[in-house]
Every structure is written in structure tokens, then in C-alpha cells.
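Q: Sequence plus predicted model, see below.
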Amino acid sequence: MRFDSYHPLINLIYFAAAISCSIAFNHPLFVLLSFVCALICAFSLRGSRALLVLLALLPLMALYTWWYSFYNHFGVTALGENFAGNSITAEALFYGASLSLRAGAVALFISCLLAVFTADKVVYLFGRLSPKLSLFIAILLRSAPRTLAYARRISVSQQGIGRGPGQGSLPARFVNALRLCSVLITWTLENFLESSLSMRSRGYSLRGRTAFSLYRFDNRDRSLVVVIFALLITILAGAALDQTHIYYDPRIIMMPVTALSFVFYAAYGLFLLLPVIIRIICARRFAAAAA
Amino acid sequence: MAHFEIKDLSFSYPAAHGRKALSHVDLSIEKGEYITVCGKSGSGKTTLLRHLKSVLAPHGEMTGEIIFAGQPLAEVSLREQSSKIGYVMQNPDNQIVTDKVWHELAFGLESLGMEQKTIRLRVAEMASYFGIQGWFHKNVAELSGGQKQLLNLASIMAMQPTVLILDEPTSQLDPIAAADFLNTVRKINLELGTTVIITEHRLEDIFHAADRVVVMDGGRIIACDEPRRVGDFLKKDGNEMFAAMPSPVQIYYGVENELQCPLTVREGRNWLSELFAGRQISSPAIKREQVREEDLIGTPAILMKEVWFRYEKDAPDVLKGVDLSVPQGTIFAMVGGNGTGKSTMLKSICHICRPYRGQILIDGKRVEKYRADELFRRNLAMLPQDPQSLFVKKTVREDLAEMLPADCADKEERIARVAQICQIDELLDSHPYDLSGGEQQRAALAKVLLTEPRILLLDEPTKGLDNFFKLTFAQILKNLQKEGVTILMVSHDVEFCAKYADLVGMFFDGGVITTNRPDKFFSQNSFYTTAANRMSRHIFDNAITNEDVIELCRMNR
Amino acid sequence: MQNEQIKSKGSRRGFLAVIAVMVILIPATIGISWYLGDRKYYIASVLIMIYSMIPFFVSFERRKPQARELVTLAVMCAIAVASRAIFIAVPHFKPMGAIVMITGMAFGPQAGFMTGSLSMLVSDIIFGQGPWTPWQMFSFGMIGFIAGILGRAGVLTEKHPLRGAIVGFLLIFLLAGPLLDTSTVFTMMQFPGLDVLAIYLAGIPVNAIHGSAVALGMLLLSRPMMEKLDRLKTKYGMMQI
């Protein structure tokens, strides 16, 4: 059972919470946790493609940190001077690094989100908000590839009499492409009118339409919701106690680390790693069942 | 109580100037009956069927009455009509509305406002009954034509209709998918007792199964009886519709005898055996002129030498060493199943698909050596599967004119000429999309002919055409052949190829397996051959068309 | 007839109500992002754009669209999406905006907005989503919306293809192009040293080409497309959406 096989609403809640926490928390440990966990999630969900994202992100993040400390001069702990004679401070450097790590974490989580949210889930979630819009998007997702297929067929037909969009001189190609467009419009419009007949024939205009989906909210989903909320409440308690926040200006000030702090750290890490943990547990169970 | 009762129904379209699309139709359909409606294109079949469901009824002037299950149809609520009257249309693609198979199955149930649980059960039931489990989660775009039409049927059956209306449901399918589909319809009728009203022009598969056959002509019902008697009536009446009857029926009436009329190939075989029981067959074969040598030597119009092609670098090969030689001035038909690469072969001849190995020679010159305007002017042209994909303008005339250069002096003459060849003189001022399938096909052919091709490629030219249009189309092809045009067509239509082609090739798994004259080709095959041949092969050697069998029967009596 | 009027009034009231909510939501969002500091402009701006699209989607949900309208709009969107692929053979020619504008002209501002924004959404679902998606949805939605308003006002008709071409160019050059550049600005603005002006300046030639393509598309497509839509309106009795 992978994380993306859970109910889409759970996926949505998880990513919304993960991304907002990564943006909001600026405590160095939390920032580091966000980034590392996001990275682990990305590797677990997207495999080696996450490496590409990481390779693209790292130089940008480094560049940004350098840039930030170069142009911002708040803080009291001077580390040196840049060529313009302005001081480079530890506070600005740390803050810049934390900003870029947060941005990196968000980017990684977004890449996970895009991997988990297939068109199906997007349509489903839209459907919860607006059934008609969701039906419309479902129709669109059918009609767009279909129109593309029509375009391909027309293109072959036109090429068969020497008038394809890739044949002839450049102006001729342009005219051919326009002709293709024109045929496409007429043809698809006529065909789709039959689709509207088929909709009406199956009672589209009746009152009280429901929206069916294959997703079920079962006990597995419910138990995960409980876990997610328990962890989130712990994390929010930490936020309320100012454990997730530090000040960089004029100098770095943070709440003292107590035993309780470790509870918050653990909760946050656990929460962010949920997809990975679920995956590992399931793999274990599967292996046990198979053996 | 009758399921549907049509009383004195007349109808005319708004722009028809009093010409009636339906006139005084009376028909009563019992519960659980299987009714086949046949008739030429434009005889009012579709118009009649559409009147049986209010949302689909065409606009126009209607008189008479339709009663559904004891209640006037107009008073039956939309909700009841939606679920109780199922309607499957011609084009499988156009009826599918959503992007997922499961969603499409649920569409009608969502409209009826059913709750999740019920829909889940019904959808599961349908997927199991129709064997859809394997592709339940797929995108609709990945399905084949046959699967799409099956999905349409299943998504309608999910609403548990008591009557199923099908308007030429298999005209866009290949023969194998079509037979599958019609068997499923038959199964629904037998197992669930659903009333079935179906129109078809491929009567072979459904004529024998029908409880009653309704024949329409010019908006009237001219016959409504059980299949055998309808055959008898059409023969005695000398009606053109007789040409659409299944082969056994046509052959039966071509031979004088007192036996019972066969409806299927099996019955036909028994009938022939009985006819010649205890009799010596003196001439088991038709003598045909020998293959003319000059057909096979000389420069072939199209020559393919070990052509290999694939669509993408890592995709499997579609053409695997195609060898083909089409002699000049012949009609060459390539038959073969779906997805074997026949259409790709045509595309590679047009240089739309570029082979990575092998040569294609048009008139002895390699196809890639031609400039695009050379290749497609007075040389090569392809008539596509979908004639609509060629129409650009508002009238057929403008559409034809658009093919010619603006400074062309004899524009009118040339248009008039192709219009005459393709028999579309009277259609020149209509909108191309208002024409029927067969007329569109001919208008598209006219457009293609304006490039004055000497080699004409046809991709499934008889798809969706009824027998009369096929006849006209065949005449046009024969006339073109007389003018020296070489014709290469790919087709599923075994009967058509047997009758009109000079040479037939079999395409399978990316290559041409065999090429021969139709009589030899089809008498060698035992499955992939015409109904007439299957029916007579145990008695005659090389009879492949209905006319062959009739002639041999007469010779041996 | 009467009933219909009431209905349309109802949907208009809903529309206004949502706009009122927006008037509160947008400044609130700006305020909160201000309060939070930390340069969260990007998120704030995306939120604002999403708010501004809500009324259209809400009114779509409220009025019960006919099967025919739904399908026609779907076709227009699909064609807009497909046009992205068709013109691959002609470099730099992206006529998608023209098709969105024509839909707006033919079916009104709301339909124009829906077509513009949803065709962008779907094409991104097919070709790949990213942080630019809401920006594209918003800017192309606005193009359709404005074309719809101008069409209603009689400024844009198929009888004046040149006018359509000019409006098309301006809409891309002055509205959609800069809006999309702004999305780049916001993503890049995290780098304080980068000159905002430079990004906009770099966008000018690209937007000019894009604008000309749309203008050309309007010039060549508006009349034939309107004719085709008119044919359907007369053949199947389609109403204004």
C-alpha cells in the first residue's frame, strides 16, 4: 500500500500541511528537518528523478544564500566585508540559508505532490468542490486527446493529397496548417454534438445528479487521518510555544531547547516522513505475508 | 401488451418542403422481441428509431402516436425514458463523454441520482457481464473501436433498460469486432429478455437471429415479417433491398428449387448438399481466363522492396519487410485484420511514413526522389478512411474549387467532370456534412481525383457504406480503371474485394503473406473468405461470389 | 422565458456576491502577506488570482449548463489545446489565444473566461503543470473575458478581422505576456539583485512574436470559425452561453 493509494483528500491534507509548515517554520532544526524529509520523500516517491530535481535545486540554493548575505546587512556578528565595503553578517547568512532551504523543501514537496496527484485525483477533488466543473474537466480530458487524435488523422488525410502542414514551402505549410485547423474545428464540432446527444440520452439534464468516484474512505484512511491530526496538533502546540520560530534580527535568538522540544522535533519529522514510513511498513507486511 | 406501439406515424423535416421522411408507419413491437430494421440509406430507418426516444426525436412536423408500455411516449417522464429506453448510436467515439472507462459506465447512473453504493454495485456488475474488468481503469483513448462500442452498450445496460435501440452500431467496426458486438446484443436479448430494435446494413450476422425483419423504403414500412418470408417478399417484389440480403438467401433465389430457404452459411451448405444429393457434379469449377502475362511484367505502378518501418525508435516494427508489386492499371485489394499495418503501408507509399530500410518505387522511381508537388500532382493520391477530414468549405462545389489553383482557366469544366465521374452532380450545392456517408465518400473521392492521380490509394473505402453505395462506388472504380488508373485499396471487406479486385493480397504481421487472383486466393482460404465460398466449397472448387455459385448450380442441374 | 430571466438574475446576484467576497478577501490576503513579511508575494499573488477565478467557476456551477453548451465549450477548449500541437511545424506560431478570443466573441465573456483558463489547465495537465499554471489560467481567462465583453459591445465582430487582430495583439502584448512575465518576476524576485525591469524588457520580443501570432490567427481564423459556429447555431438551435 503506497501513500498515493490513500484517499485523495488525505494526500491533499498531508501536502497542504507539509508545505505550509515548511514555509512557516524558520527554526533551523525545523528547516533542516523540512528539507531532509522532503528529500527523502522525493526519493521514495519519484526514485532517481528526484536526484535531477536536487541537482537543479542545490546550486540555486547556494547562489541564493550567497546573494542574500551579500545584499542584506542586518545583524551584529560581522564575518567580513564584501567588495563594496558592506559587512557580511552571520545573521544574514543564516537567514539566507534558512530561506533557501525552505524554498528547496517546498519545491521538493511540490514535486512529490505532482507525482502523487494524477489527473484522476485532480478531477475528483474538483468534484468535491463543484460536481459540474469536475464533470466538465472529465469531458475536457476526454475531448482534448480526442481532438489531438482527430488533428493527426486530418493531417494524414491532407498529406495523402500533398497538403499536409509539413509539406511544401513555408507559406504553403502555413496555409496547410490553417486549413487543418479549419477542418478540425468543423469536424470536431459536428462529432461532439453527437456526444451531447449521448449525454442527454443518458439523462444528463435530469435533476439531482450525483458524482460517482472510485475512491472510498475506509478504515485504513480513517486511521491515517487520526495519526496525521495527532501529529499536527503536537506540531501546532510546538508552534504555539514558539518552538518553531527564532529571530535573526538583530541577532539570533531562540527558545531554549528542553526535553519537550524533542517531542516536537520527533512529531515533525515523523509527520513529514509519513509517506516513507507507510511504504516501509507495507513492504514489511507484504514480505511477511508472502513468506 | 405491446412494448412499443407506433400508430400512423408521419414525419417531415422542416426544410424538406413537404417530402415525408416517414409516412404512415404502423408497427407494434412485443416485449422481448428482436427486431431488425433494414432499408437503403435515407429510407427513414434512423428517423424512425430516433422517434422512439423523446430527447433524440428530430425537430419537424410529426403526426400519429407512439405508445410505450401502454402510455403515450410524450407523457413518459424524462427520467423513465432515460433509464428504460437505451439507445446506441453509430459512431463509438462520439458517444463516450468522459475520459475513464469506469466513469463512463457510471455516467447514466449519476444522472439518475443514484448513491455511491448502488452505482458501485451496478458498475461492477456491468464490468463483469461484459468482460470489461481488464480495462476498467483505462483511459478511453486507449481502447479499440470494438471495445469503445462495447463500453457504450455496457454503460447503457447499466441503467437497466427494458428496450435497447441500436442504430447501425457496427458500421464503424471491423468484421470481427462487429460479430462480437452483435453476439453480445443477441446474448442480452436471450438472457435478459430485453427488447432489441436494431438497424444494420451487414445483415449476414443478424438476419437469421431476428424474430421479425422490418423493411423500409422511402419512409414507409414495406414489409414486416419473419426473415424467410421477408426474403421471399423482396424477391417477388423485385425490390432493390434484395441485394442486401445475406448470401445464402440471394443464392437460394438464384436457383430454382423447392427446398426451404437457408439463412446462414451452415444452412446454406446443407441446402446445397441436399440440392446435389446423389448427383454427379460435372463441372465443379468456373473456367476463367488465364492470368494475362502482361499484368505481372512491365514496370509496376507501385513496387515495395523489403520495406521496414516503425513509428518510434524504441517501438516495435509495424512493417516487417513488405514486398509488394502492384501492376499498372489493376485494382489491387489488400485484406487482413485490424492493426496488422495495412494503413501504415499506404502511408509509407505516400511517404508520410518514412521506412528505415528498403525501397519504395513509384513508376520505377524512388518515392523520396520526387518533390512533394510532383508526387501528388497527376501521380499519386490517397482517399482517407474519414472522408470528412478533407472537407473545408461550405458547399461541395466550393470544396472542389479549393483544390484547383486560383488561376485555373477550366475550373468549372473540371469540377463538372469529376462530379460526373463520382455521381455527385446533384449534391454540388449541399454542405458536405449534410450528406450521407456514401455521398461524403464520393465527394471526397471527387476532391482527390482533382489532383488527376494515376495511382489511387484507398483506405477502407467501404467502411460504413450500405450495399447500394458499394455498388455505385465499385462502378466508379471500374470506370477509373478503364481510364488507366491503378488502384490499391486496403480493406476488411472480403465480399467487396472478391467481387471487384483483379488481385488480392493478404497482409499479416507487418508483411504481405500471399498475392493471387481473387478466385484462387479465396478458394485457398477456408476462414478468411466470402460467405458464398464458405457455403459452396464442399461442392464447387472456385466459386467465390454469389453469382459464381448460382452459375455453377445452374450448369450442374 | 420569465423563468429564465429570474434564473439569470439569480446567477447574476450570486456573481455579485462572490465579487463582494473577493473585495474583502483580496486586501485581506495582501494584508496578511504584508504582516507576515518575508516576501511571500508569490503565494499572495497566486491566492489572489485563484480568488478572482472563483466567481466564474461558481456561476458555472450555479447555472445548469445544457449538454450542448457544455460540449461546445469543451470542444473549443480542446481545439485551443490541440492548436498548441498542430502548429509545431510552423515555428513561433501560437494561435491558442485567438481561439480563446473567438470563443469569447461567440459565446460571451463568461464562456471566454472558462475556455481560456480551463484550456490552459488541461493543456498543463497533459503537457506538464508547474508554478506557472495559475498565471496562465488567469491571463488566458482574462483574454477570453475581455474579448467577450468587447464582442458584446459590438467592438469585436467577425466583420472586422483587422480590429480583432489589433485587439488580439494588444491583449497578448500588454496583458497576457506581462502577466506571465510577472510570474517569472515573482519566482526570480527572491533574488533581490535581479532587475525586475530587465525581466520585463527581455519579455518584450517574445511577447511581440506571440502577439503577432495571435493577431494573425484572429485575422485568418475569426471569420471561418464564426461561420462554422453560426452554422451549428442554425442547424441545432444553439443559444448564447
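A: On my side now, so go ahead. Numbering: from 1, shown residues only, chains lettered A, B, ... in the order given.

Q: how about stretch B:417-425, does it get close to chain A?
A: No. Stretch B:417-425 is not in contact with chain A by Cβ under 8 Å from any Cβ of the partner chain; minimum separation 13.3 Å. Just so you know, the C-beta spots here come from the backbone N, C-alpha and C atoms, and that holds for glycine as well.

Q: wait, I meant stretch B:79-98
A: Yes. On the criterion Cβ under 8 Å from any Cβ, stretch B:79-98 is in touch with chain A at B:Arg79, B:Ser82, B:Ser83, B:Tyr87, B:Met89, B:Asn91, B:Asp93, B:Asn94, B:Gln95, B:Ile96, B:Val97, B:Thr98.

Q: Among these, which are located in helices?
A: Counted as lying in helices by DSSP state H, out of the residues of stretch B:79-98 next to chain A, are B:Arg79, B:Ser82, B:Ser83, B:Asp93, B:Asn94, B:Gln95.

Q: buried subset of the residues you listed?
A: The neighbour-count test (16 or more other Cβ atoms under 10 Å in any protein chain shown) applied to those identifies B:Ser82, B:Ser83, B:Asp93, B:Asn94, B:Gln95 as buried.

Q: Widest-spaced pair of the residues you listed?
A: Pairwise distances among those were taken by Cβ to Cβ; the largest, 23.9 Å, belongs to B:Ser83 and B:Asp93.

Q: in chain C, which spans are helices?
A: C:2-36, C:41-62, C:67-86, C:96-107, C:109-127, C:133-152, C:161-170, C:177-188, C:196-236.

Q: deepest of the ones you listed, which one?
A: helix C:96-107 (a mean of 29; mean count of other Cβ atoms under 10 Å in any protein chain shown).

Q: Quickly check the ones in helices among the residues of stretch B:79-98 next to chain A for the two that are furthest apart.
A: B:Arg79 and B:Asp93 (27.4 Å).

Q: and A:Pro59, how many neighbours?
A: A:Pro59 has 9 neighbours, counted by other Cβ atoms under 10 Å in any protein chain shown.

Q: State the three-state secondary structure for it.
A: Secondary structure for A:Pro59, judged by DSSP: H, G, I helix; E, B strand; the rest coil, is helix.

Q: Can you name the residues of the stretch 51-200 of chain A that neighbour chain B?
A: Residues of the stretch 51-200 of chain A lying near chain B (Cβ under 8 Å from any Cβ): A:119-120, A:135, A:138-139, A:141-142, A:145-146, A:149-150, A:153-154, A:156-164, A:167-168, A:179, A:182-183, A:186-187, A:190-192, A:194-195, A:197-200.

Q: mind giving me the domain split of the chain?
A: Just going to use chain A. Using automatic domain parsing, the domain ranges for chain A come out as A:3-118+A:228-290, A:122-201.

Q: wrong one, chain C
A: C:1-64, C:65-236.

Q: And for chain B?
A: According to automatic domain parsing, the ranges for chain B are B:2-245, B:295-534.

Q: re the thing from before, of the ones in helices among the residues of stretch B:79-98 next to chain A, which is the nearest to chain C?
A: Distance to chain C, by Cβ to the nearest Cβ, is smallest for B:Asn94 among these, at 10.2 Å.

Q: ok so, going back, with mean pLDDT as added columns, please give the domains of chain A in CSV.
A: Putting the domains of chain A into CSV (pLDDT from 0 to 100) gives the following:
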stretch, mean pLDDT
domain A:3-118+A:228-290, 84
domain A:122-201, 84
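
Q: do you know which of those lies nearest B:Ala444?
A: Nearest of the domains of chain A (Cβ to Cβ): domain A:122-201, 8.7 Å.

Q: where along chain A do the strands fall?
A: Taking DSSP state E, the strands of chain A run over residues A:78-81, A:87-89, A:246-247, A:253-254.

Q: From the residues of the stretch 51-200 of chain A next to chain B, keep the buried residues only.
A: A:119-120, A:135, A:138-139, A:141-142, A:145-146, A:150, A:153-154, A:156-164, A:167-168, A:179, A:182-183, A:186-187, A:190-192, A:194-195, A:197-200.

Q: on that earlier part again, export the helices of chain C to CSV and tack on distance to B:Leu153 and mean pLDDT?
A: Shown next, in CSV, are the helices of chain C (distance: least, Cβ to Cβ, whole Å; pLDDT from 0 to 100):
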stretch, distance to B:Leu153, mean pLDDT
helix C:2-36, 36, 56
helix C:41-62, 32, 72
helix C:67-86, 20, 82
helix C:96-107, 34, 88
helix C:109-127, 28, 83
helix C:133-152, 37, 87
helix C:161-170, 45, 87
helix C:177-188, 46, 71
helix C:196-236, 26, 81
